[in-house]
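**Q** Quick one: sequence and predicted model below, then my questions.
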Amino acid sequence: MVMLMAQIDIETLKATVMAILARSGYPPDEAQIVQEVLLYAQLRGNNQGVVKLIGAGLPRDPAVEPIRIVRETKLSALVDGGRTIGMVVMQYATDLAIARAREHGFGIVGTRQTYTSTGAIGYYVNRAALAGTIAFAFSGSGEYVAMHGAYEPLFGTNPLAIGIPNDGAPLVFDMATAAIARYGVIEAQTANRVLPSDVAYDAVGAPTTDPAAALAGAIRTFGGYKGAALSLMVEILTGALVETTLDDQGRKTDAGNLLLVIDPALLTDNETFTARRQQPVGAIPGVGVRAVTEQVAVIVVCQRRCARTRHLVRRVVAVIRRGRASGNRLGRLRAVAGKVKGILVAPQQVRVDCICVDARRIACLAQPRQRVIAVADRVQCVAAIRDHKLLEAHLVVDQDEHSIGKQTISD
């Protein structure tokens, strides 16, 4: 499927988000944090962005209480969020862990009693890495994901993230242990898109590509039993370890998180660490590849997302996916924000071309008023992006006999 995009001025989008959050009951300081986390995700093409404000949105819990530390040592702290939104609590916890790492070399902070989403947890390890520390983050959620071999929801999507300081932008790895993040399912539902065929079950355990059926059923873990085992580990670290609350049926009533922050000076000097961390990163572009596949794109994912973010910031625009449904995402954001004059500019469609390595696929991929370019390999794909001056293109390749993979390549 070729995706449609709309572009919006970043400052306009920020103002829209702030208007929505104000209407949702957030004071300015909390709204600013939430906006920063959402825009971090949006500018990186992460599905933890402004889609969170659509539908039920992110209402502030009316029973919110002040964030407090309930247990601590010089290296650790357990934070009770008091039903504060997870993004605000996680930023508080991140700064707490960084402070401990700076003073003692290591900091570990757990959180409980957070209300609703923590957003893209790469934001928090990125924040720690910018402070010169190494960070690990683990985040729990409600029961949305099935154990490998089962179909009833048992785990959260249970993401984990790692951030390492680097010259320029930090190296950040952020992934859900689920085959797709829950907001990825919500995003697909919002955009009227089907899901990949291997990421979700409906309520009776049948594989489904319908986002609504997936939300009523369960998401699968990624990577079979290995992903399920990793999800189980995150479940324990963000549940039992931080003392989240369970109801009478054993289901979570709040979300837990865990942060570990390390000063590299515990093990090495800064000069050695700086030089050595550049070696594997610098070697990546020169490694041999077997074919143009979606897996190849993973090799350059850090550079691609950083480049995409820098490009959008230079252009002072954010790119938002649009579905074929008449109520596109920008329009729905406008509706959520209310009739505030000057908040949203009219969405401008950005030309997106599909670059296809197999000319036989052109007929089924072409959309009205769009061009499809046939190329032979990744090199020609990059050249096509340059020659046609594309803001963004989709490289479509065969993953296997039965499916087509999509990879966004940014200039």
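**A** On my side now, so go ahead. Numbering: from 1, shown residues only.

**Q** wait, doesn't Val281 sit right on Gly168?
**A** No - contact criterion CB atoms under 8 Å: Val281 and Gly168 do not qualify, at 10.8 Å. Yep, even glycine has a C-beta here, placed from its N, CA and C like the rest.

**Q** what about the two, which has more around it?
**A** Between Val281 and Gly168, counted using other CB atoms under 10 Å, the more crowded position is Val281 (14 against 7).

**Q** wait, is that one part of a helix?
**A** Yes - Val281: assigned to a helix according to DSSP: H, G, I helix; E, B strand; the rest coil.

**Q** Any regions of the stretch 201-350 of the chain where pLDDT drops low?
**A** Within the stretch 201-350 of the chain, the ranges that satisfy pLDDT under 70 run 286-350.

**Q** I'd assumed Met90 was in contact with Thr118.
**A** Yes - taking contacts as CB under 8 Å, Thr118 lies within contact range of Met90: 4.8 Å.

**Q** Find residues that contact each of the two.
**A** Shared contacts of Thr118 and Met90, defined by CB atoms under 8 Å, 6 or more residues apart in numbering, are found at 124, 139, 257.

**Q** got a pLDDT number for Val51?
**A** On the pLDDT scale, Val51 is placed at 77.

**Q** what number of residues lie near it?
**A** 25.

**Q** Same question for Ala176.
**A** Ala176 has 27 neighbouring residues, counting by other CB under 10 Å.

**Q** gap between it and Gly256?
**A** Per CB to CB, to the nearest Å, Ala176 is found 16 Å from Gly256.

**Q** now swap in Pro165 and tell me
**A** In this view, Pro165 and Gly256 are 26 Å apart by CB to CB.

**Q** wait, what's in contact with Gly227?
**A** 148, 177-179, 221.

**Q** Repeat the analysis, applying 6 Å as the threshold.
**A** 177, 221 (CB atoms under 6 Å, 6 or more residues apart in numbering).

**Q** element containing it, please.
**A** According to DSSP states H and E, Gly227 maps onto helix 224-237.

**Q** Pull out the buried positions in that helix.
**A** Within helix 224-237, the residues that count as buried by 16 or more other CB atoms under 10 Å are 227-228, 230-232, 234-235, 237.

**Q** about what we covered before: so for Thr118 and Met90, which sits in the more crowded spot?
**A** Comparing Thr118 with Met90 by neighbour count (other CB under 10 Å), the higher total belongs to Met90, at 29 against 26.

**Q** In TSV: the buried residues of helix 224-237, plus distance to Ala212.
**A** TSV is the format used below for these (distance: CB to CB, whole Å):
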residue	distance to Ala212
Gly227	24
Ala228	24
Leu230	28
Ser231	23
Leu232	27
Val234	26
Glu235	26
Leu237	31
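
**Q** Of these, which is the nearest to Lys14?
**A** Val234 (31.5 Å; CB to CB).

**Q** Need the nearest residue in space to Glu36, chain neighbours excluded.
**A** Tyr123 (7.6 Å; CB to CB, 6 or more residues apart in numbering).

**Q** Domain boundaries for this structure, per the record?
**A** As assigned by automatic domain parsing, the chain contains the domains 9-270, 284-410.

**Q** burial count for Arg102?
**A** Neighbours of Arg102 under the rule other CB under 10 Å: 15.

**Q** give me the element it is part of.
**A** Secondary structure (DSSP H and E) places Arg102 in helix 86-104.

**Q** now swap in Gly184 and tell me
**A** Going by DSSP H and E, Gly184 is part of helix 182-190.
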